[in-house]
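1. Quick one, what's the 3D model for this:
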Amino acid sequence: MMNIRKASERGHADHGWLNSHHTFSFANYYDPKWMGFRSLRVINDDTVAAGAGFGEHPHRDMEIISYVLEGVLEHKDSMGNGRIIKPGEFQYMAAGTGVLHSEYNPSERNPVHFLQIWIQPDKSGAKPAYGEKAYSHATPGRLNLVASKSGREGSLRINQDTDLWLARFGDDEKLTHELRPDRHAWVHVAEGSVELNGKRLAAGDGVAVSQESKLELAGKGKAQVLLFDLN
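-> Prediction:
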């Protein structure tokens, strides 16, 4: 069973300095049908204007992952981390018992386009943690494991039984992902256009998947997809 969430149906907020599309209910956008999917709570598709950003603010008991698509994002937090995140790079922060952080676009000219993802942890009060993974040179047509509960294959170790995969595509490149009977998936098209089990999807589209044994993805030109394998 696949439930498609079209990009045009998402919540939208334009604050001038921030243009944000919400896959799930967030801030002033509320839709009781779309409060999240399994442990996946937030996918915000954010574009931040040059010289603007989110000032220092708190988080706790949430797994937060940012993925930069275009431009650069400056991160600072109360754990002492200060980094510039570039296109193709994932940044992870376990808020746990509490973290302060800021996200800022340091460019004087160009906006930054990134995805911010929140995953509910499997336990509260975890020790705050930070990590990064770069996939700017990821091989197209294959799944790259970004994050997992076990940290296997060098992935980011997160506090939830969720596997996050990144796939890049060129024309007519295909791949398959097997789903165990007790697992679910969320597929988010970050860029471009793909087919999922024969259904055409565009940038910003998402799909909730349950009771399916196999996901078949085919690129229709240059594209990027995030695949969440969820319990």
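2. N197 touches S213, doesn't it?
-> No: if you go by CB atoms under 8 Å, N197 and S213 don't touch, sitting 10.7 Å apart. C-beta here means a position set from N, CA and C on the backbone, and glycine is covered the same way.
3. so where's this structure shaky on pLDDT?
-> Counting by pLDDT under 70, not a single residue of the chain qualifies.
4. Name the SS class of the residue nearest the centre of the chain, please.
-> Nearest to the geometric centre of the chain sits I117, at 4.4 Å (CA atoms, centre = their mean). What DSSP: H, G, I helix; E, B strand; the rest coil gives for I117 is strand.
5. and what of E153?
-> The three-state label given to E153 by three-state DSSP is helix.
6. And for S102?
-> strand.
7. can you count the residues close to it?
-> When neighbours are counted by other CB atoms under 10 Å, S102 registers 15.
8. Kindly report the same for the one 10 residues further on.
-> Applying other CB under 10 Å, we find 26 residues neighbouring V112.
9. Return the residues in contact with it.
-> Taking CB atoms under 8 Å, 6 or more residues apart in numbering as the criterion, V112 is in contact with T47, V48, V68, E70, G71, V72, L73, N105.
10. can I assume the second one is in contact with G16?
-> The reference is to V48. No: using CB under 8 Å, V48 is not in contact with G16; the gap is 10.6 Å.
11. Neighbour count for N197 and S213, which is higher?
-> N197 (14 against 9).
12. tell me the contacts of the more buried one?
-> M2, E212, K214, L215, E216.
13. what's the neighbour count on the third one?
-> The number of residues packed near K214 is 9, by other CB under 10 Å.
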